[in-house]
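In: Turn this into a model:
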Amino acid sequence: MNTIRNLLELAFEAALHAANPQLLVPARLPAPPKGRTLVAGGGKAAAPMAKAVEDNWPADAPLSGLVVTRYGHGLPTSRIKVEEAGHPLPDDRGAVAAKDMLEEIQQLGQDDLLIVLLSGGGSSLLALPVEDISQNDLRNVTHALLASGASIQEINIVRKHLTQFSGGRMAALSVAPVVSLIISDVVGNDPTHIASGPCAPDPSTYEDAIATLTRYSISPPNSVLNHLRRGLRGEISETPKPGDAAFNNVVNHVIGSAVQSLKAAELFLYSQGFQVINLGEVEGEAREVASQHAAMLREYDLRTDWPLALLSGGETTVTVRNPSGHGGRNAEYLLTLGLAMARVENFWAIACDTDGIDGTEDNAGAIWTPETLARSIELGLNAEDMLRSNNAQAFFRSLDNLVMTGPTRTNVNDFRLALLI
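Out: Numbering: from 1, shown residues only. Coordinates of the predicted model:
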């Protein structure tokens, strides 16, 4: 019989299995063209996506390419090169790889085919700055945005207007047909927001990018501000917009998402006798989302005799108050939720990122058990203080309650599950 902790982990594993790139890619591969096929792209799932293309592409059909993934996320391949680069902050290796891809794309002819493999993390891994912005300045503004509490959609609006690869610019360079296969890490699964939309029309503008920086009181490097102002004045071109002829021969397929993963976990929980409430994809500040979920759970605890599972995905944000803290949005969510549910004896929960990395830490997330708070007090930990100082990951590490998966090589964002037994 499964223990409750084991049930939490098995539900997470079911969600991960549903997001396995090597299961998702083959069914959506196009037929080989008359000419050659070039594969390009990036993200945390890039390596297994490339491997799946190789494994299912005809041996006699020309195939080559390059994809970029995060350090430690690579896999051995034979026909498509896998490069590793920096994430969540961009680095020179990612920029060089993106430049090489763009040069290869410009060599394609009308009888060729471009297959683009995109997944979460692609925005930073493919971050080739525009010519008047340095890699260091792009890195600095990215760091400020990540720490500000801005949503991924808002962050990507800025990045689309500072880089050469995103905001539809990649597809616009190709005279060959483009088929983009996408594993989504954003709520709503709109291709324009996934990996900053290299193959999707961009409805945002330079004005929107400036407004985002202003909204979060970010003072960007002078090169960034000057570039955005030049765009605002019409001195440099905008990203290609909806209706642009550049997208006439471009197809974007979202082949994996949080919706599929949550459904897989839901079916597993039903098989274990749980009543399941699947909230779907949720956005917001991690602490606020946790408080809302705690209120729902307390209400359900008073009126149900059935084992209850509250399931959600999507992506929360964290406003960093202590830059030296060891947190992560899932750890922060879980610690907030656990404290709010401290008086409920039958409460268990797990919160993890499906890529295996919660923020910038080495854990996927953490688990809360009915003994967590009492054990922390015995160890002399002050849970409230650690939450206030963005030290939620350190809290769970002290209790040996972290979930450690290593790189999962996929990314459909957060997985959150709370149980009332």
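
In: what number of residues lie near I183?
Out: If you count neighbours by other C-beta atoms under 10 Å, I183 ends up with 32. From N, CA and C alone the C-beta is placed, and that goes for glycine too.

In: what bridges to it?
Out: Beta-bridge partners for I183, by DSSP bridges, are S119, G256.

In: That one contacts P21, doesn't it?
Out: Yes: here I183 reaches P21: they are 6.3 Å apart, a contact under C-beta atoms under 8 Å.

In: any residues in contact with both of the two?
Out: 45, 49, 119, 256, 410 (C-beta atoms under 8 Å, 6 or more residues apart in numbering).

In: Could you check the pLDDT of the last one?
Out: Think T410. pLDDT recorded at T410 is 96.

In: how near is it to A15?
Out: Distance, T410 to A15, using C-beta to C-beta, to the nearest Å: 10 Å.

In: of those two, who's got more company?
Out: Legend: neighbour count by other C-beta under 10 Å for T410 and A15, higher for T410 (30 against 26).

In: Report the contact partners of that one.
Out: Here T410 is in contact with 16, 19-21, 44-45, 48, 119, 183, 256, 354-355 (C-beta under 8 Å, 6+ apart).

In: repeat for S166
Out: Shown in contact with S166 (C-beta under 8 Å, 6+ apart): 123, 126-127, 156, 159-160, 195-198, 202, 239.

In: ok, now S291?
Out: Going by C-beta under 8 Å, 6+ apart, S291 touches 336-337, 340.

In: Closest one of these to A294?
Out: Distance to A294, by C-beta to C-beta, is smallest for A340 among the contacts of S291, at 3.5 Å.

In: Let me know the secondary structure of the closest residue to that closest one other than its chain neighbours.
Out: Leaving aside its chain neighbours, A340 sits nearest to A294 (3.5 Å; criterion: C-beta to C-beta, 6 or more residues apart in numbering). Classification of A294 by DSSP: H, G, I helix; E, B strand; the rest coil places it in helix.

In: number of nearby residues for A294?
Out: Residues contacting A294 under the criterion other C-beta under 10 Å number 22.

In: One more: L102?
Out: 18.

In: repeat for the one 4 residues further on
Out: By the other C-beta under 10 Å criterion, the neighbourhood of Q106 contains 10 residues.

In: now it: how far from G280?
Out: According to C-beta to C-beta, Q106 and G280 sit 40 Å apart.

In: and what of P32?
Out: For P32, the distance to G280 - C-beta to C-beta - is 37 Å.

In: can you check H253 too?
Out: As judged by C-beta to C-beta, H253 and G280 stand 21 Å apart.

In: need the contact list for L269.
Out: Contacts for L269 (C-beta under 8 Å, 6+ apart) come out as 11, 276, 309, 311, 417.

In: hang on, the earlier thing: next, the contact list for the residue nearest to A340, please.
Out: 336-337, 340-341.

In: From those residues, pick the one nearest E361.
Out: Closest approach between these and E361, by C-beta to C-beta: T336, at 16.8 Å.

In: tell me which element the closest one falls in.
Out: Element membership for T336 (DSSP states H and E) is helix 329-340.

In: Show the subsequent helix or strand relative to that helix.
Out: Next in sequence after helix 329-340, counting helices and strands by DSSP H and E, comes strand 347-353.

In: Apart from its neighbours in sequence, what residue is nearest D362?
Out: Excluding the flanking residues, the one nearest D362 by C-beta to C-beta, 6+ apart is M404, at 7.3 Å.

In: so how far is S376 from that neighbour?
Out: Taking C-beta to C-beta, one finds M404 at 19 Å from S376.

In: now swap in R169 and tell me
Out: Plainly put, R169 is 49 Å away from S376 if you go by C-beta to C-beta.

In: Show me which of these two is the more surrounded one.
Out: Neighbour count, other C-beta under 10 Å: between R169 and S376, R169 has more, with 23 against 20.

In: who wins for most neighbours among the contacts of A294?
Out: Tallying neighbours with other C-beta under 10 Å puts L337 at the head of those, with 26 neighbours.

In: any idea how far it lies from W348?
Out: L337 is 11 Å from W348, where distance means C-beta to C-beta.

In: now V141
Out: Look at V141 and W348: by C-beta to C-beta, they are 40 Å apart.

In: hang on, the earlier thing: residues shared between the contacts of L337 and W348?
Out: Common neighbours of L337 and W348, counting by C-beta under 8 Å, 6+ apart, are 368, 418.

In: need the strands for the chain, in chain order.
Out: In the chain, the strands defined using DSSP state E lie at 37-42, 63-70, 80-85, 113-119, 178-183, 250-256, 275-285, 308-317, 347-353, 365-368, 402-403, 414-420.

In: Out of the ones you listed, the one nearest Q164 is which?
Out: strand 37-42 (13.3 Å).

In: What lies in contact with the closest one?
Out: Strand 37-42 has contacts (C-beta under 8 Å, 6+ apart) with 49-50, 53, 57, 61-69, 80, 85, 94, 97-98, 101, 104-105, 108, 112-119, 121-122, 125-126, 170, 176, 180, 195, 198.

In: Likewise for stretch 80-89?
Out: Stretch 80-89 is touched from outside by 39, 42, 44, 46-47, 50, 53-54, 63-75, 91, 93-94, 97, 121, 124-125, 139, 142-143, 146, 360, with contacts defined as C-beta under 8 Å, 6+ apart.

In: ditto for stretch 205-221
Out: Here stretch 205-221 makes contact (C-beta under 8 Å, 6+ apart) with 133, 137, 140-141, 144-145, 148-150, 154-155, 157-158, 160-162, 228-229, 231-232, 238.

In: Any buried residues in it, and which?
Out: Residues 205-206, 208-210, 212-213, 216, 218, 220-221 are the ones in stretch 205-221 that count as buried (16 or more other C-beta atoms under 10 Å).

In: How about stretch 404-421?
Out: Neighbour counts using 16+ other C-beta under 10 Å place 405, 407-420 of stretch 404-421 among the buried residues.

In: distance between the ends of that stretch?
Out: Distance between the boundary residues of stretch 404-421 (C-alpha to C-alpha, to the nearest Å) amounts to 25 Å.
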